[in-house]
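S.K.: Following is a predicted model, sequence given first.
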Amino acid sequence: MSEAANFQSYHEPVLAEASTSLLVTRPGIYVDGTLGGGGHSLLLLRLLSALDGRCLLVGIDQDSHALEAASAKLEAYRDMSALVRGNFSTVREIVTSISQGAGAGLPVMGLLLDLGVSSFQIDTPERGFSYLRDGPLDMRMDPDGPVTAADIVNQYDDRALGRLFLRYGEEPLGGRIARALVSARAAAPILTTGALAELVRAACPRKDLAIKTLSRIYQALRIEVNDELGVLERALEEGFSVLSPGGRLAVISYHSLEDRIVKRFFAARAAADWGPKGLGIREPLAPAEALLVTRKPVLANEEEIRRNPRSRSARLRIIEKL
Ligand SMILES: C[S@@+](CC[C@H](N)C(=O)[O-])C[C@H]1O[C@@H](n2cnc3c(N)ncnc32)[C@H](O)[C@@H]1O
């Protein structure tokens, strides 16, 4: 990979201070489910090494390039960390196996998910995430994943494509763009990010709004290729279930579809179950399982947004298991 050597600028961690200092409470196992370049993990390890008690950081990523970059960055903390290639939607299995080995006897005190793709993935044309860089129409975070964006663009019928653009991109021109793609691919398959971007631009009636449409179409395809919403739902369930009492779950999301899932999941765990309304029940059927550490999402301040524009849409939410 052409830029693989340049791991220094892999990714600048977003909301780094808040997400790490609010996650770490006491010694135990901490899981970074989206290791990336190891930016958040490095800060977590610094905090953990200052605690009085044994700690282990488990870093998970489905991208082998991320693991390579992170293991170089976290070299100094090799004894305190275990890096695993896998999908965070299987966090229960990963943590269970660590708890039976290197992390035996330690409570699971934290899980961080910093969703989406890294700057390194977006900036590497061969990965096919960006409409600004020409490359194969791929978009798999796991380079061995079964479905590419080209498969979807060339195989879904126009209704399925239109629904996808509407649902995951919230793109009002979804149907029109889907029809344009289906008609173009009858002549030749759409195989590159550049070719797709050209077709999307051509289908936009207002050229001044084409950039917004492009980013929504690319977002929709990326979500579908990586089943981003499905894996997030599974990771929240599994992640919360492996936490020990007092353990915290922190999620940084970057668009409203993800944030809605996180917000609903957290609200449901933080509320007692009073059964159907109108029954006049005096005791809850089930007590709350968590408390909200952040009542409102934590956002990046102006200084961070200036330094790292990617942080503009970031929303951090944290709950603590009771
Ligand atoms: C926003 S980056 C994380 C950056 C990291 N926090 C840092 O400071 O360098 C997201 C990373 O999570 C990985 N990722 C996204 N979804 C994943 C999933 N379902 N399972 C495992 N890794 C995932 C991506 O491959 C990417 O490397």
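M.R.: Received it, and whenever you're ready, just let me know what you need. Being a predicted model, the structure only gives us computed values, none of them experimental.
S.K.: alpha carbons only for contacts and neighbour counts from here, please
M.R.: Will do.
S.K.: close to the ligand, is the worst-scoring helix or strand of the chain on mean pLDDT?
M.R.: In the chain, no helix or strand scores lower on mean pLDDT, DSSP states H and E than helix 119-123, which sits at a mean of 94. No: for helix 119-123, no contact with the ligand is found by Cα under 6 Å from any ligand atom; the gap never falls below 7.3 Å.
S.K.: Export that helix to PDB, keeping only CA atoms.
M.R.: Extracted C-alpha coordinates of helix 119-123, given in PDB (Å, rounded to 0.1, in the frame of the first residue of the first chain):
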ATOM      1  CA  SER A 119      -8.300   9.500   7.900                       C
ATOM      2  CA  PHE A 120      -5.800   7.000   6.600                       C
ATOM      3  CA  GLN A 121      -8.600   4.800   5.100                       C
ATOM      4  CA  ILE A 122     -10.300   7.900   3.500                       C
ATOM      5  CA  ASP A 123      -7.000   9.300   2.200                       C
END
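S.K.: does residue 32 have beta-bridge partners, and which?
M.R.: Counting by DSSP bridges, residue 32 forms beta bridges with residue 59, residue 112.
S.K.: Distance of it relative to residue 255?
M.R.: Distance from residue 32 to residue 255, counting by Cα to Cα, to the nearest Å: 20 Å.
S.K.: So the two - more neighbours on which side?
M.R.: Neighbours were counted for residue 32 and for residue 255 using other Cα atoms under 10 Å; residue 32 has more, 23 against 15.
S.K.: so who does the more buried one touch?
M.R.: Contact partners of residue 32, counting by Cα atoms under 8 Å, 6 or more residues apart in numbering, are 40, 41, 57, 58, 59, 60, 111, 112, 113.
S.K.: how about those residues, which pair is most distant?
M.R.: Comparing every pair within these by Cα to Cα identifies 57 and 113 as the most remote, at 13.5 Å.
S.K.: Return only those of the contacts of residue 32 found close to the ligand.
M.R.: 40, 60.
S.K.: Any chance of JSON lines for the contacts of residue 32, columns pLDDT?
M.R.: Listed next are the contacts of residue 32 as JSON lines, based on pLDDT from 0 to 100:
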{"residue": "40", "pLDDT": "98"}
{"residue": "41", "pLDDT": "98"}
{"residue": "57", "pLDDT": "98"}
{"residue": "58", "pLDDT": "98"}
{"residue": "59", "pLDDT": "98"}
{"residue": "60", "pLDDT": "98"}
{"residue": "111", "pLDDT": "98"}
{"residue": "112", "pLDDT": "99"}
{"residue": "113", "pLDDT": "98"}
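S.K.: Return the member of the contacts of residue 32 nearest to the ligand.
M.R.: residue 40 (4.2 Å; Cα to the nearest ligand atom).
S.K.: residues near that closest one, how many?
M.R.: 25.
S.K.: Now do the buried residues in the helix or strand in which it is found.
M.R.: Following DSSP states H and E, one finds residue 40 within helix 39-49. Buried positions in helix 39-49, judged by neighbour count with 16 or more other Cα atoms under 10 Å: 39, 40, 41, 42, 43, 44, 45, 48.
S.K.: Which stretches in the stretch 201-322 of the chain count as strands?
M.R.: Per DSSP state E, counting those that start in this stretch, the stretch 201-322 of the chain carries strands over the ranges 248-253, 290-292, 315-321.
S.K.: gap between stretch 257-271 and the chain center?
M.R.: 15 Å (Cα atoms, centre = their mean, to the nearest Å).
S.K.: What of stretch 22-33?
M.R.: Counting by Cα atoms, centre = their mean, stretch 22-33 comes out at 18 Å from the chain centroid.
S.K.: end-to-end on that stretch?
M.R.: 16 Å.
S.K.: average model confidence for it?
M.R.: Stretch 22-33 comes out with an average pLDDT of 98.
S.K.: Skip the chain neighbours and tell me the closest residue to the residue nearest the centre of the chain.
M.R.: Per Cα atoms, centre = their mean, the C-alpha nearest to the average position across the chain is that of residue 115, at 1.7 Å. Nearest residue to residue 115, sequence neighbours excluded (Cα to Cα, 6 or more residues apart in numbering): residue 253, at 5.5 Å.
S.K.: tally of neighbours for the one you found?
M.R.: Residue 253 has 23 nearby residues by other Cα under 10 Å.
S.K.: Same check on residue 112?
M.R.: 25.
S.K.: how about the residues of the stretch 151-300 of the chain near the ligand?
M.R.: Residues of the stretch 151-300 of the chain found near the ligand (Cα under 6 Å from any ligand atom) are residue 231.
S.K.: list the contacts for the residue of the stretch 151-300 of the chain found nearest the ligand?
M.R.: Residue nearest to the ligand within the stretch 151-300 of the chain: residue 231 (5.6 Å; Cα to the nearest ligand atom). Counting by Cα under 8 Å, 6+ apart, residue 231 makes contact with 88, 89.
S.K.: try 6 Å
M.R.: Residue 231 is in contact with residue 89, counting by Cα atoms under 6 Å, 6 or more residues apart in numbering.
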